[in-house]
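S.K.: This is a predicted model, with the sequence first.
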Amino acid sequence: MELAFIPSPSRGVLYLGPIPLRGYAFCIIIGVFAAVWIGGRRWAARGGQKTTVADIAVWAVPFGLVGGRLYHVITDYELYFGAGKNWVNAFKIWEGGLGIWGAITLGALGAWIGCRRRGIPLPAWADALAPGIAIAQAIGRWGNWFNQELYGRPTTLPWALKIDPAHRPVDTPDLATYHPTFLYESLWCVGVALVVIWADRRFKLGHGRAFAVYVAAYTVGRFWIESLRVDDAHHILGMRLNDWTSIVVFIGAVVYFVISAKRHPGREEIVEPAAVAADAAPDPDADDSHADPETETEAEGTAGDGAEPAVAADEAPDDEADAESKAEAKAPVEEAKNS
């Protein structure tokens, strides 16, 4: 008899009249908003415009959802194709099934398009968004709790997750509690976000290295969490496919970090040229009533409309006096010639 456990929700969807409100979808949506909000604040702190992250997310998010779904359908094709399967279910994203590997890969393509349109470097944008993505994953994993899916092996630990009979594995129908791998991964992702933020502040990471830290740290957690799961998966040499994926992606992230640090040490000084140009441009509505009096005096002195006429007026009498003196000096000479 279990003395303590985490209960599963009795249902994963509520109905507002004919409109279904699915817990899985809400977790994904809330996660996206959290990632954009965190990324926007980090981007603005780097000198970019606050709305840039959201503008590029308009491209990245749809691409990421498609990529995540494609990865899931391709790696678990037997759930949707074959005898007794309905391929239409492959489009029912609200029932769960998003692969983070596909989401990041195709989402990066969408982000690249958005960055190209804005004239900003993709690695810098990815650095700003990295901890936000980890938080989005932490929130999104609770969608698995609503769907009672992707849990781990049976356990009687106090924090075990109770699964309803309809959602239990076919080989353990009488066991009710399992490892809450959704919770493990959610907490791990929060830790990853904190590590990325700390490392970025401590070492001034740039040129995509903060994103590489996120990827490497996440794959470490995904590796050991994946080994606990009991849902159906393809195995290669005795390990689940996602374990192999974690290994390959971890190596790629570390290699990128090392190469980037050698080729592009330090952090980008300017991440969004348009934002710098906007800050440097003069304000046409600026109030000139508080201009420096000394500056105004110097400007008036060099304008040519005030000082020069005054000097000319002062010099005029001296020129007339000189002319009269010369005329008086010439008079005796003219008289002498005439005589």
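M.R.: It's in.

S.K.: tell me which element Q49 falls in.
M.R.: Q49 belongs to no helix or strand when assigned by DSSP states H and E.

S.K.: any idea whether the closest residue to V195 other than its chain neighbours is helix, strand or coil?
M.R.: Excluding the flanking residues, the one nearest V195 by Cβ to Cβ, 6 or more residues apart in numbering is A217, at 5.5 Å. (Each C-beta comes from the backbone N, C-alpha and C, glycine too.) Of the three states, A217 takes helix under DSSP: H, G, I helix; E, B strand; the rest coil.

S.K.: A217 and R22, how far apart?
M.R.: Distance of A217 to R22, given as Cβ to Cβ, to the nearest Å: 30 Å.

S.K.: the more surrounded of those two?
M.R.: Set A217 next to R22 and count neighbours by other Cβ atoms under 10 Å: A217 wins out with 23 against 18.

S.K.: Roughly how far does the spatially closest residue to F223 that is not a sequence neighbour sit from E226?
M.R.: Leaving out its chain neighbours, the residue that sits closest to F223 by Cβ to Cβ, 6+ apart is S246, at 4.4 Å. S246 sits 7 Å away from E226, going by Cβ to Cβ.

S.K.: How about C27?
M.R.: 20 Å.

S.K.: Next: D171.
M.R.: Counting by Cβ to Cβ - D171 and E226 are separated by 19 Å.

S.K.: Please identify which of those two sits among more neighbours.
M.R.: Ranked by neighbour count (other Cβ under 10 Å), D171 and E226 place E226 first, with 22 against 7.

S.K.: And the pLDDT for that one?
M.R.: For E226, the model assigns a pLDDT of 93.

S.K.: try E334
M.R.: 48.

S.K.: go on, D322?
M.R.: For D322, the model assigns a pLDDT of 54.

S.K.: same question, D288
M.R.: For D288, the predicted pLDDT is 54.

S.K.: Equivalent analysis for the one 4 residues further on, please.
M.R.: Note on D292: pLDDT of 52.

S.K.: Use 526 as the first number for this chain going forward.
M.R.: Okay, using 526 as the starting number, the last item reads as D817.

S.K.: In a helix, E794, correct?
M.R.: No: E794 is assigned coil when assessed by three-state DSSP, not a helix.

S.K.: those strands in this structure, which residues are they?
M.R.: Using DSSP state E, the strands of the chain run over residues 538-541, 544-547, 686-687, 702-703, 760-761, 764-765.

S.K.: Quick one, which of the ones you listed gets closest to A653.
M.R.: strand 544-547 (30.0 Å; Cβ to Cβ).

S.K.: In the closest one, which residues are buried?
M.R.: The neighbour-count check on strand 544-547 (16 or more other Cβ atoms under 10 Å) flags R547 as buried.

S.K.: what are the pairing partners of it, and which direction each?
M.R.: According to DSSP bridges, strand 544-547 forms sheet pairs with strand 538-541 (antiparallel).

S.K.: Name the residues of the partner strand that come out as buried.
M.R.: Buried, per 16+ other Cβ under 10 Å, within strand 538-541: nothing.

S.K.: Would you map the helices across the stretch 726-864 of the chain?
M.R.: 734-751, 766-788, 798-805, 818-828, 832-863 (DSSP state H, counting those that start in this stretch).
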